[in-house]
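# Based on what follows, work out the 3D shape:
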Amino acid sequence: MKTSNSLWKDQLVGRMPEALAREIDSFETDIALRKQGKMDERLFAETRLRRGAYGQRYDNGQRHDGKQVQQMSYPSGDLTKGPMTMWDALGMQRIKIPAGGVNATQLETMAELAEEYSDGIAHVTTRQDFQLHYIHIDDTPSIMRRLAAVGITTREACGNSVRNVTACPYAGVCTDEVFDVTPYSRALSRFLLGHPDCQNFGRKFKPAFSGCAQHACGLTSLHDVGFIAKRNGSGEFGFEMYVGGGLGAVPYPAKLFESFISPEEVLPLTQAIARVFAKFGEKKNRSRARIKFLVQDWGIEKFKEAVLEERRNLPFDARWTEYVNEAKQAQEAALHPGGELPVQTSEEFLRWAKTNTRPQKQAGYVTATVTLPLGDITARQLRALADLVRRFTKETVRTTVEQNFVIRWVSKTDLPDLYRALAAVGLGDPGAGAIVDIVACPGTDTCKLGISSSRGLAAELRTRLAEKSFQLDEAIQALHIKISGCFNSCGQHHVADLGFYGVSRKLGGYAVPHFQVVLGGEWEHNAGSYGLPVVAIPSKNIPQVVTRLSERYVAERQTGESFKDFTKRIGKAELKKMLDDLTRPPAGDQSFFSDWGDPRQYSLGDMGVGECAGEVVSPFDFEMAVAERELFEGQLAFEAGNIEDAGKKAYRSMLFGAKALVKAKNPNIGDDPDQIISGFRAGFYDTQLFWDPFAGGKFANYLFDAHQKADEPYTFDRTRYLLDEAQLFIDAAHSCNNKMMTAVSV
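Residues are numbered from 1 along each chain as shown. Take a look at the predicted model:
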């Protein structure tokens with residue numbers, strides 16, 4: 001704990017909102033109670049989560065050194081801040097930035113906190129938040145106070161609460177927008193923060209705003225509630241409203257709730273949705289506790305009816321309009337007069353300006369993007385950015401969902417000077433929104449759910465692509481790569497041209513980090529469509545995947561054909577065929593048994609050595625080959641429009657996967673589905689052997705639900721979800737076998 005912590009409470013008196021100051025005081029008391037053993041660890045865990053204090057990798061006090069698990073000792077001994085979460089283990093502090101808007105003073109405060117409490121780096125997330133890693137829980141009240149003193153809160157940045165309200169970072173200056181959605185996003189964030197109707201959710205609740213339908217800046221399709229600015233037939237401004245979207249392990253596109261609502265209804269309708277979610281959303285089974293499952297189970301019409309009934313019963317709240325009107329008063333303006341770009345001959349500047357600037361609807365101005373590799377920015381760079389936004393603008397800067405910054409209201413006349421100043425502090429990289437601008441979650445660097453190194457892979461791909469980015473075909477430069485370290489979609493891999501998520505496989509008896517290749521996603525049109533997994537590839541072969549797919553796209557694409565349409569035309573069978581040789585590492589290449597940027601052997605335990613001269617293939621491997629073949633055939637059937645056949649194959653693939661595990665304990669297990677389910681439930685679900693450390697029994701429940709509904713018709717939506725669920729079940733079966741298996745090798 002920093003020795004200066006005790007000073008900040010007194011020094012910041014009167015500089016924090018009174019209510020927020022009281023909350024932080026209360027949290028500090030909770031910390032003291034937990035340390036005295038007077039507060040239950042589960043209750044404390046949810047308390048700190050609702051204040052943005054999140055767990056981090058190795059916080060269970062264990063770390064694998066590549067050979068065996070090592071126990072870490074801490075000054076506070078066995079004291080925990082949550083189940084299996086040691087008190088002194090360093091964590092992550094998430095910081096809410098509504099609509100991504102920050103000012104220079106806030107950037108400087110972030111720099112101070114990153115330098116004093118973290119590793120000197122602040123991380124921008126795909127929800128326009130900041131994250132600081134390697135934070136001690138005892139330091140969090142001081143961090144919260146210092147943020148509160150400059151108008152930032154961490155409240156409800158994590159936990160079962162309303163998360164950061166995101167919005168298009170170009171809102172108010174975009175040439176394509178219908179109108180500026182910024183006031184509505186900020187008003188909604190303020191209204192829902194700490195609202196009593198938002199304190200009893202089973203899971204998180206994510207809202208988003210977009211100023212248009214055609215671009216990706218708002219990503220409304222993947223949110224619990226999304227608003228797209230619209231003008232109706234009478235010329236009135238309002239919103240197209242969506243509900244029930246979400247990525248996660250299985251992505252769900254949001255459903256249209258209403259084709260047009262008045263701006264005055266944004267806050268009350270969202271409040272009504274929150275009330276319905278709190279009343280009827282799942283609480284016990286966390287894997288089905290998002291709004292998307294409630295909408296799926298009820299259907300959009302029943303859900304809408306319940307929300308509108310709740311809306312009719314809401315007592316009037318003056319804040320519905322007051323907050324919006326107050327937000328509208330905070331209008332942005334330019335610091336310098338607009339102008340024209342001076343004649344430039346610098347090749348570096350022209351490259352940067354091509355990808356990192358876009359014209360504003362206000363003549364003479366542009367918005368400039370500051371590209372942050374991996375979403376990281378150092379304390380020194382934060383201070384420099386603060387100086388620059390004061391020098392060139394009225395501090396009009398926002399974070400983006402692509403983990404970058406945008407500086408708005410830059411006069412074209414100032415653009416060369418701005419570029420030189422950015423480049424001088426390492427913030428002048430070109431390629432914003434291009435193939436080199438790779439989005440990645442923290443993965444195995446800091447996230448305890450990470451399976452493969454998403455940041456390590458992203459850094460490697462960025463390095464390779466940057467070397468030749470401006471020699472690449474224009475169509476390749478425009479592709480999006482997004483990487484998640486596990487099946488959860490923090491890297492938004494489902495909506496990328498080239499998406500990857502981390503999985504683990506065993507090759508030759510050794511655990512090898514892999515990524516599932518996900519193709520067919522669409523970033524534009526507010527994340528217009530979601531991709532499907534094609535094949536799992538060892539992590540070290542993923543750069544070749546990118547090269548092969550991109551080169552074939554250039555060679556064979558039709559005029560104006562998007563990558564999504566190209567992959568659909570080529571077909572999944574052909575795509576898998578062209579990558580099949582990459583599914584196994586070259587003979588004798590030991591580098592495949594460690595992950596990007598991590599010298600340790602990728603292993604969860606000591607590996608045994610087989611005695612035979614050839615590869616030992618276990619019955620599990622044979623059965624899983626059947627399961628994976630069945631799933632792939634199901635994906636092909638879905639691609640061909642044979643929905644019923646696809647659904648049946650997806651279900652059977654899970655059955656075969658379950659049989660592969662059951663057979664290890666009962667070699668005489670037959671093909672009867674009920675017997676397989678019974679054996680799997682008794683041997684793997686009830687014993688929690690199949691359970692994921694953090695997802696619990698989610699993946700097993702996919703099988704149980706599919707078995708229960710096996711005789712029901714397979715609709716398009718149900719089959720689409722079932723194919724994703726089957727892939728996740730098979731991945732989980734491999735993980736379960738990895739835990740049980742005695743290793744063999746060549």
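# could you pull out the helices for the stretch 601-746 of the chain?
For the stretch 601-746 of the chain, the helices defined by DSSP state H, counting those that start in this stretch occupy 619-639, 643-665, 673-680, 698-708, 716-740.
# again with the stretch 201-350 of the chain
266-280, 291-298, 300-313, 319-329, 347-356.
# Tell me the secondary structure at the spatially most central residue of the chain.
Nearest to the geometric centre of the chain sits Cys490, at 1.6 Å (C-alpha atoms, centre = their mean). Following DSSP: H, G, I helix; E, B strand; the rest coil, the label given to Cys490 is coil.
# from what I can see it touches Thr446, true?
No: taking contacts as C-beta atoms under 8 Å, Cys490 lies outside contact range of Thr446: 11.6 Å. The way it works is simple: take the backbone N, C-alpha and C, and place the C-beta from them, glycine included.
# before we move on, back to that, mean pLDDT lowest for which of the helices of the stretch 601-746 of the chain?
Here these differ in mean pLDDT, and the lowest is helix 619-639 at a mean of 85.
# For that helix, give me every contacting residue.
Outside helix 619-639, the residues that touch it by C-beta atoms under 8 Å, 6 or more residues apart in numbering are 532, 568, 571-573, 576, 643, 645-650, 652-657, 659-661, 663-664, 667, 719-720, 723, 726-727, 730, 733-734, 737, 741.
# Of those residues, just the buried ones, PyMOL syntax please.
The buried residues among the contacts of helix 619-639 can be selected in PyMOL (16 or more other C-beta atoms under 10 Å) with this line:
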select buried, resi 532+572+576+643+645+646+647+648+649+650+652+653+654+655+656+657+659+660+661+663+664+719+720+723+726+727+730+733+734+737+741
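# List the buried residues for stretch 35-42?
Lys35, Met39, Glu41.
# which parts of stretch 213-227 are buried?
Applying 16+ other C-beta under 10 Å to stretch 213-227 flags 213, 215-227 as buried.
# Same check on stretch 574-583?
Neighbour-count burial for stretch 574-583 [16+ other C-beta under 10 Å]: Leu575, Lys576, Met578, Leu579, Leu582.
# Quick one: distance of that stretch to the chain centre.
27 Å (C-alpha atoms, centre = their mean, to the nearest Å).
# With stretch 494-506 instead?
With C-alpha atoms, centre = their mean, you get 13 Å for stretch 494-506.
# CA atoms only for that stretch, dumped as CSV, please.
C-alpha atoms of stretch 494-506 as CSV (Å, rounded to 0.1, in the frame of the first residue of the first chain):
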residue,chain,number,x,y,z
HIS,A,494,-17.1,-12.5,-34.0
VAL,A,495,-17.4,-9.2,-35.9
ALA,A,496,-14.0,-9.2,-37.6
ASP,A,497,-13.0,-10.1,-41.1
LEU,A,498,-10.3,-12.3,-39.5
GLY,A,499,-11.3,-13.3,-35.9
PHE,A,500,-9.4,-15.5,-33.5
TYR,A,501,-10.1,-16.8,-30.0
GLY,A,502,-7.9,-18.9,-27.8
VAL,A,503,-8.4,-22.6,-27.2
SER,A,504,-6.1,-25.4,-26.0
ARG,A,505,-5.3,-28.7,-27.8
LYS,A,506,-2.9,-31.6,-27.2
